[in-house]
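S.K.: I'd like to go over a predicted model; first the sequence, then the structure.
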Amino acid sequence: MAIGDRGPILLRFTNHQPVFFIPSDATIPAGLNAQRRALELCSYDGKSIDGLYFPSMAALRHGLRRLSDAKIRTFESDIGPEDRFLMERFISGSASLNGSYRQNGIIREYENPSLKPSNYRPSLTTMSLDIETGQDGTIFSIAMDISGPRNNSRQVAVRDEGGGRAASLSSTVRFVADETALLRFFIDTTIGADPDVLIGWHVIGFDLAFLMKRGRELGVALRIGRRGGTLRLIERPGLLPIADLEGRLVIDGPVALRGAFHKFSDWRLGAVAEELLGRRKDIEADGAGKVEEIERRFREDKDALARYNLEDAILVTEIFHSSAVLNQMLTRSLITGLPANQVHRSVAAFDRFFLPRLHRKGYVAPNQSDIASAAPTAGGKVFSSGAGLFDDVVVLDFKSLYPAIIRTFHIDPYSLIKAAEHPLDTPVGIQFSRTEHILPAYLGELMTRRAKAHAASDAPLAQAIKILMNSMYGVMGSTACRFYQSELPEAITGIGRWILDMTTEHLSSWGYKVLYGDTDSVFVKLKTEQRQYPDKAGGELANRMDEYFREIILEKFKVPSYLELEYEKRYVKLFLPLMRSVAGEAAVKRYAALLPDGDLEIKGMEFVRSDSTPLAREFQYELFRRYFAGEDLKPWIRDMIKRLNAGEFDEKLIYKRRLSRPARAYKSLPPHARVAMMLDPDGSLDIREVAYVMTPTGPLPMEKGPHKIDYNHYIEKQIRSLVNDVLALSDESFDTLIGGKQLDLF
């Protein structure tokens, strides 16, 4: 089902035969309900291929089982027929159609229309869903905020079994007799509003899962799909379920924002709303306090409960609008051809692009299950030339390094197959074809589109293209991809390391000290005479390195270089710490820097770690601010420890952690999993976010407060290491600074 300017569209294709491929010399079982055709296609090893065309999906599935039982190898039999239908027509996200239709309610139904690629971009109606529930496992209220071109309305219903509030003065709020009426209200409102997208905060794992559970118990099927389809949740071991709803997308807020690379230290709805919108929730309490207030409102103030419930739904709508996350997902869908709620599936996106182009080169691909697992490929080069504090450092960054390597050295699965034809050597000894390749030209098209998007200030398109380009290496390096061959990721990362080595070598030969390097960037200390005009010096360095690579790559490999080194920024001061675990060695992936505008940039340390406390982050930021300013740190550190032990920072000692899987799925129980099990002993709530403090007896959830804080834990586990990072290069340490073990001081 699709969406157009005039509403939903149903496309039926009765003349399409689903297909997959087999070796031409294979003997198929007798009576197989398929038409076999010889094709001008071959496998990677050059063997000829036939196609098996089936009259229906049922026949295809039956045929695949019989061939599997007969041990006959198939090719691309794991590709969905609907995906193949679209990708072979180069339809990506949207299409123009031509044909007659019949109107069936709000749905236009076409049979066997012709389809062509298009750039149509739909305007979607969203419905934000939020429910409130009781500790007794029942539904208190359901709220929906509908927003879009076809409908803008808000509805909330509250259960009132006593009947004292059977009507409301507000057209938005209604009171119903029981949970069955609540579920009917939800179904009727959804069908009437006809949203294209259901959104919410943990809407799949909590709201919809809870509604489905109560629906089953009360005998009410959630028929909220277009044409009356029933909501299904597809469970995945250790992962969140997937919502399958006919004709509608279901998008969870946190999942969507993470997929768009948003980062929040606290992923609760209230915290994200405050950071993005500057708004607080009606009930600011967490845990037990929040539950108690919701229970109280249900008993005593149902109007207040309705307002709170609806406000949560509205906040999600406004977060989606403020972050433009749905717009970005749609843009990625139009580029990749995947549904908007599946754009994170980079392997599937690569299939959609590469398979039809590979077929036109005369080859078929293997099934993903035929790809053997392999040892991890070495990653990018990371190095530090030594720890210390440095002045006037410029950061030079290779723009889209891995896509540029792919373009320069013609790296893709097809080029590797055809490497014997006009071979192109690479710095790591792996050959590709100079003339036969697919991916490099496509990346060139994407880079051109991205440049135009930047010129047009189309940030969502530019970002979507960047995400897609940067995913190519990861896809080809994954055994979950049917195109995986170990030489592909080895060539890309190996050339990347060669480029970083050559960059460091030549900058050093020009008299510069390269302090640090990480995959696609180098930190270079400027010469004394360049400090007056550091930005000019950084730009000139980048241009000189670009010219060097153009010359050396053309000379040695006879191909043009697409590498582009940019001057990214300047650090007034850069601090590179020693490793905490190995004495005398410089750390990597960790540094702190002072920018020209006075801001700090901190990488890989407590300030940016999600498992640290607000106190650790604030302490580290202030520590480096004072350090870069040349202040005496001793009295400030001593004062901070004294204030910590006095309880002044208790509200900043809360750990807020997210569980990546159910608590019981952890092999060893880290503190946040232990806390989740305290709150949910039987695992029925599937808690994924917890807030806790460390006490003398271990971690305890905030809901179990008040607590006796183990201040020694915070000083030893967080403050000590931060102080020692700064003092490790001097003759002092945390212990010498405070005059002995901190427990003896106060």
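M.R.: The structure has been received and is ready for your questions.
S.K.: could you chop this protein up by domain?
M.R.: Per the record, the chain has its domains at 2-118, 126-323, 375-576, 609-744, by automatic domain parsing.
S.K.: reformat these as JSON lines; add mean pLDDT.
M.R.: Shown next, in JSON lines, are the domains of the chain (pLDDT from 0 to 100):
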{"stretch": "domain 2-118", "mean pLDDT": "93"}
{"stretch": "domain 126-323", "mean pLDDT": "89"}
{"stretch": "domain 375-576", "mean pLDDT": "94"}
{"stretch": "domain 609-744", "mean pLDDT": "86"}
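S.K.: any chance of the ones you listed in CSV with mean neighbour count and distance to Ala592 as columns?
M.R.: Yep, even glycine has a C-beta here, placed from its N, CA and C like the rest. Below are the domains of the chain laid out as CSV (neighbours: other Cβ atoms under 10 Å; distance: least, Cβ to Cβ, whole Å):
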stretch, mean neighbour count, distance to Ala592
domain 2-118, 15, 42
domain 126-323, 18, 18
domain 375-576, 18, 5
domain 609-744, 16, 5
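S.K.: contacts made by stretch 230-249 with the rest, please.
M.R.: 1, 8, 107, 195-198, 204-205, 208-209, 212, 221-227, 229, 250, 252, 255, 339-341, 661-662, 665 (Cβ atoms under 8 Å, 6 or more residues apart in numbering).
S.K.: on that earlier part again, among the domains of the chain, which comes closest to Ser369?
M.R.: Nearest to Ser369 among the domains of the chain is domain 2-118; the distance by Cβ to Cβ comes to 6.9 Å.
S.K.: now the closest one, how far from the centre of its chain.
M.R.: In terms of Cα atoms, centre = their mean, to the nearest Å, the centre of domain 2-118 is set 30 Å apart from its chain centre.
S.K.: and the end-to-end length of stretch 334-351?
M.R.: One end of stretch 334-351 to the other measures 15 Å (Cα to Cα, to the nearest Å).
S.K.: ok, stretch 3-20 next?
M.R.: For stretch 3-20, the end-to-end distance is 29 Å (Cα to Cα).
S.K.: tell me the contacts of the closest residue to Glu111 other than its chain neighbours?
M.R.: Nearest non-adjacent residue to Glu111, counting by Cβ to Cβ, 6 or more residues apart in numbering: Arg12, 4.8 Å away. Each residue near Arg12 by Cβ under 8 Å, 6+ apart is listed here: 109-112.
S.K.: please report phi then psi for Arg12.
M.R.: phi -120, psi 130 (degrees, to the nearest 10).
S.K.: any idea which residue is closest to the centre of this structure?
M.R.: The chain has Gly259 as the residue nearest its centroid, 2.8 Å off, counting by Cα atoms, centre = their mean.
S.K.: next, count neighbours for the closest residue to it other than its chain neighbours.
M.R.: Leaving aside its sequence neighbours, Gly259 sits nearest to His344 (Cβ to Cβ, 6+ apart; 4.7 Å). Neighbour count for His344, taken as other Cβ atoms under 10 Å: 18.
S.K.: His344 touches Ala260, doesn't it?
M.R.: No: in this structure His344 lies outside contact range of Ala260 using Cβ atoms under 8 Å: 9.5 Å.
S.K.: next one: the residue nearest to Glu111 from Leu633, what distance?
M.R.: Distance, Arg12 to Leu633, by Cβ to Cβ, to the nearest Å: 72 Å.
S.K.: ok, the host helix or strand of Val693: who's next to it in the sheet?
M.R.: According to DSSP states H and E, Val693 maps onto strand 689-695. In the sheet, strand 689-695 lines up against strand 655-658 (antiparallel), strand 698-701 (antiparallel) (DSSP bridges).
S.K.: and Ser373, which of these is closest to it?
M.R.: strand 655-658 (28.6 Å).
S.K.: name the residues that touch that closest one?
M.R.: The contact list for strand 655-658 (Cβ under 8 Å, 6+ apart) reads 265-267, 610-611, 613, 671-672, 675, 688-694, 699.
S.K.: 7 Å - rerun?
M.R.: With contacts defined as Cβ atoms under 7 Å, 6 or more residues apart in numbering, strand 655-658 is touched by 266-267, 611, 613, 672, 688-692.
S.K.: then stretch 418-437?
M.R.: Against stretch 418-437 from outside (Cβ under 7 Å, 6+ apart): 409-412, 414-416, 487, 490-491, 494-495, 498, 557, 559.
S.K.: which members of the residues you listed are the farthest-apart pair?
M.R.: Largest separation among the contacts of stretch 418-437 by Cβ to Cβ: Tyr414 and Trp498, giving 23.5 Å.
S.K.: Gly496 versus Val382, what's the distance?
M.R.: 11 Å.
S.K.: next: Ser415.
M.R.: Taking Cβ to Cβ, one finds Ser415 at 18 Å from Gly496.
S.K.: next up, the contacts around Met57.
M.R.: 18, 81.
S.K.: all helices for the stretch 201-350 of the chain, in order.
M.R.: 209-218, 253-259, 269-277, 287-300, 302-323, 325-336, 346-360 (DSSP state H, counting those that start in this stretch).
S.K.: hang on, the earlier thing: I'd like the distance between the residue nearest to Gly259 and Arg61.
M.R.: His344 is 27 Å from Arg61, by Cβ to Cβ.
S.K.: now do the strands in the stretch 101-250 of the chain.
M.R.: Along the stretch 101-250 of the chain, counting by DSSP state E, counting those that start in this stretch, strands occupy 101-104, 107-111, 114-117, 126-133, 139-147, 153-159, 173-176, 197-200, 232-236, 239-244, 249-252.
S.K.: Gln17 touches Phe54, doesn't it?
M.R.: Yes: taking Cβ atoms under 7 Å as the definition, Gln17 is a contact partner of Phe54 at 6.1 Å.
S.K.: what's the offset of stretch 673-686 from the middle of its chain?
M.R.: Using Cα atoms, centre = their mean, the offset of stretch 673-686 from its chain centre is 26 Å.
S.K.: ditto for stretch 495-511
M.R.: A distance of 32 Å separates the centroid of the chain from that of stretch 495-511, by Cα atoms, centre = their mean.
S.K.: what's in contact with that stretch?
M.R.: In contact with stretch 495-511 (Cβ under 7 Å, 6+ apart) are residues 380-381, 401-402, 405, 409, 426-428, 514, 517, 519, 522, 524, 527, 545, 548, 563.
S.K.: among those, which ones are in helices?
M.R.: Of the contacts of stretch 495-511, the ones assigned to helices by DSSP state H are 401-402, 405, 409, 545, 548.
S.K.: farthest-apart pair in the residues you listed, please.
M.R.: Across the ones in helices among the contacts of stretch 495-511 (Cβ to Cβ), the longest gap, 19.8 Å, separates Tyr402 and Tyr548.
S.K.: how about the helices of the stretch 401-550 of the chain, start to end?
M.R.: Using DSSP H, counting those that start in this stretch, the helices found in the stretch 401-550 of the chain span residues 401-409, 413-417, 439-455, 459-476, 487-509, 534-557.
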